[in-house]
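Chemist: The following comprises the amino acid sequence and a computationally predicted model.
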Amino acid sequence: MTASIFAMSLWFVAAAVLPGMTTEFALSAGQQAALSSGVQGGFVIGALFLAVTGLPDRLDPRVVFSVCAVLAGLANALLLVVPLDGATAVALRVATGALLAGVYPVGMKIAVGWGAKDRGLLVGLLVAAVAMGSASPHALALLGGADWRSTVMLASALSVAAGFLVFGARLGPHHARAARFNPRAIRTAWTNRGVRLAIIGYLGHMWELYAMWAWIAVIAAASFSAQMGAEAGARVATLTAFGVIALGSVVCIPTGWLADRVGKAQVAGGAMLISGAFALIAAVTFGGPLWVVIPVLLIWGASVIPDSPQLSALVADHAPADQAGSLLTLQTALGFGLTMITVQAAPLLTAQWGWPTVLVLMALGPVVGIAAMRALIRLPEKPAP
């Protein structure tokens, strides 16, 4: 888990230090969005490449994790020597995302090798690590102060360290080869109702999650500036953003345990109900007193991620055994492909309509996801073949 936290600190490093970057470089709203959404695009490319080649199965997954974490750290460090307002910086973010595909899914493969009946908890633990890693750039930004380069270097160093730490993990008794991508899974994703509903729920979840995570510091800063100066508001927003994402990582663990006992779809649907409601409340309270806005954002952050591991586990539960790996890859690719649109669109729509309207649009994802989970609950956990 520690290795995953360290390596995933690269994901939102650009979003965490955007204020410092924009002070030095005249980045348009589109360029700012590209520095964040480029990671999602790269992740989709990397995940599909690893699935088709089967490298995590042909090699020790810890080796794949290690090489990808070290190279991702180096790619991120190159942001220090290229102009951020050019195509090279975006290309480096795409490369970082592609390499992180060798961290997140491969780390999940290592984690689930340690159990079979407690899949919800195991995946929850891994996603908790990913969420904490995603929150860490905001903490690093506080440590680095106004110098965005310090934050970029610290995140790169953590990722390189993760490449060595992963060898402290052993492969569990349930570690097994996962099938390479099977093109038939595309048809199964539509014809198998349980899989289809789980994927629809995942898309609703991803519609909200990464747009919120990528821009939460900017959202908070814009809201807080109505109550305090821009500089003070930005610093409080950075701390708030860390708390918002980190709190979600903590909640993933008990909800994973709960899902193994009361049902994955029930937990996922409940989480989306809360997160969608608080996205709307965040829109209504935007610009209000900090004692109101900060708790709203923290509760939103706590509820926006616990459904993720359960939605992945639901695909595995309902999938044919020989297509489970391919369907999980397809689910991930579709979800992160969608985030390329939502992360890129958020600041552009905000320029036209303002953040409160965009927060309302984010809540549409949970609405779709809740409907999918309600339908999924009526299906047996493991349909008969």
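Modeler: Now that the structure is in, tell me what you want to look at.
Chemist: use CA for all of it now, contacts and neighbours both
Modeler: Noted.
Chemist: give me every residue that touches Phe25.
Modeler: Neighbouring residues of Phe25 by CA atoms under 8 Å, 6 or more residues apart in numbering: Leu84, Asp85.
Chemist: So it versus Gly86, what's the distance?
Modeler: 10 Å (CA to CA, to the nearest Å).
Chemist: Okay, the closest residue to Ala47 other than its chain neighbours and Ala198: tell me how far apart.
Modeler: Leaving aside its chain neighbours, Ala47 sits nearest to Ala101 (5.1 Å; criterion: CA to CA, 6 or more residues apart in numbering). For Ala101, the distance to Ala198 equals 21 Å [CA to CA].
Chemist: any idea which element Phe242 lies in?
Modeler: For Phe242, the enclosing helix or strand under DSSP states H and E is helix 230-262.
Chemist: Tell me which other helices or strands that helix touches.
Modeler: When contacts are defined as 3 or more CA pairs under 8 Å, 6 or more residues apart in numbering; DSSP states H and E, helix 230-262 packs onto helix 119-144, helix 193-224, helix 264-285, helix 290-303, helix 307-318.
Chemist: Let me see the mean pLDDT of it.
Modeler: Averaging pLDDT along helix 230-262 yields 86.
Chemist: ok, the residue nearest in space to the middle of the chain to Gln331 distance?
Modeler: Against the mean C-alpha coordinate of the chain, by CA atoms, centre = their mean, the closest residue is Tyr210 at 5.9 Å. To Gln331, Tyr210 is 15 Å away according to CA to CA.
Chemist: give me the low-pLDDT residue ranges for this protein?
Modeler: Across the chain, the ranges flagged by pLDDT under 70 are 1, 57, 108-109, 111-120, 122-123, 126, 142-146, 172-180, 325, 380-385.
Chemist: And for Val82, nearest residue in space, chain neighbours not counted?
Modeler: Val82's closest residue in space is Ala89 (CA to CA, 6+ apart), at 6.4 Å.
Chemist: ok, the one you found to Gly124 distance?
Modeler: Ala89 sits 33 Å away from Gly124, going by CA to CA.
Chemist: circling back: need the contact list for the residue nearest to Val82.
Modeler: Listed by CA under 8 Å, 6+ apart, the contact set of Ala89 reads Leu35, Leu79, Val82, Pro83.
Chemist: Now do the residue nearest to Gly269 when sequence neighbours are not counted: how many residues are near it, please.
Modeler: Distance criterion CA to CA, 6+ apart; nearest residue to Gly269, sequence neighbours excluded, is Ile370 at 5.1 Å. When neighbours are counted by other CA atoms under 10 Å, Ile370 registers 24.
Chemist: what residues are up against Ile370?
Modeler: Gly201, Gly269, Gly270, Met272, Leu273 are the contacts of Ile370 under CA under 8 Å, 6+ apart.
Chemist: hang on, the earlier thing: out of the contacts of Ala89, which end up buried?
Modeler: Leu35, Leu79 (16 or more other CA atoms under 10 Å).
Chemist: Between all of the contacts of Ala89, which two are separated the most?
Modeler: Farthest-apart pair in the contacts of Ala89 is Leu35 and Val82; separation 13.0 Å (CA to CA).
Chemist: What distance do you get for the residue nearest to Ala265 when sequence neighbours are not counted to Ser66?
Modeler: Nearest residue to Ala265, sequence neighbours excluded (CA to CA, 6+ apart): Met373, at 5.5 Å. Computed as CA to CA, the Met373 to Ser66 distance reads 36 Å.
Chemist: dump the residue contacts of the closest residue to Phe278 other than its chain neighbours.
Modeler: Nearest residue to Phe278 in three dimensions, chain neighbours excluded: Trp300, at 5.3 Å (CA to CA, 6+ apart). Taking CA under 8 Å, 6+ apart, we find Trp300 in contact with Val244, Ile274, Ser275, Phe278, Ala279.
Chemist: Go through the residues you listed and single out the one with the most neighbours.
Modeler: Ser275 (30 neighbours).
Chemist: Surely that one touches Ser303?
Modeler: Yes: with contact defined as CA atoms under 8 Å, Ser275 counts as touching Ser303 (5.1 Å).
Chemist: And stretch 73-93, end to end?
Modeler: Taking CA to CA, stretch 73-93 runs 11 Å from one end to the other.
Chemist: List the buried residues of it.
Modeler: Going by 16+ other CA under 10 Å, stretch 73-93 has these buried residues: 73-79, 84-85, 89-93.
Chemist: swap in stretch 276-295?
Modeler: Residues 276-283, 285-288, 290, 293-294 are the ones in stretch 276-295 that count as buried (16+ other CA under 10 Å).
Chemist: Farthest pair within those?
Modeler: Gly276 and Leu290 (20.6 Å).
Chemist: Tabulate the contacts of Ala89 in TSV, adding columns for secondary structure and distance to Ala220.
Modeler: Formatted as TSV, the contacts of Ala89 follow (DSSP: H, G, I helix; E, B strand; the rest coil; distance: CA to CA, whole Å):
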residue	secondary structure	distance to Ala220
Leu35	helix	19
Leu79	helix	25
Val82	coil	29
Pro83	coil	27
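Chemist: my guess is the residue nearest to Ala47 contacts Gly41, does it?
Modeler: No: if you go by CA under 8 Å, Ala101 and Gly41 don't touch, sitting 10.6 Å apart.
Chemist: what's the overlap in contacts for those two?
Modeler: With CA under 8 Å, 6+ apart, Ala101 and Gly41 have no common neighbours.
Chemist: May I ask which helix or strand encompasses Gly287?
Modeler: Using DSSP H and E, Gly287 sits in no helix or strand.
Chemist: go on, Ile5?
Modeler: helix 2-7.
Chemist: can you pull the alpha-carbon coordinates of that helix into CSV?
Modeler: Extracted C-alpha coordinates of helix 2-7, given in CSV (Å, rounded to 0.1, in the frame of the first residue of the first chain):
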residue,chain,number,x,y,z
THR,A,2,2.8,2.4,0.8
ALA,A,3,4.3,1.9,-2.6
SER,A,4,1.0,2.6,-4.3
ILE,A,5,0.5,5.8,-2.2
PHE,A,6,4.0,7.1,-3.2
ALA,A,7,3.6,6.3,-6.9
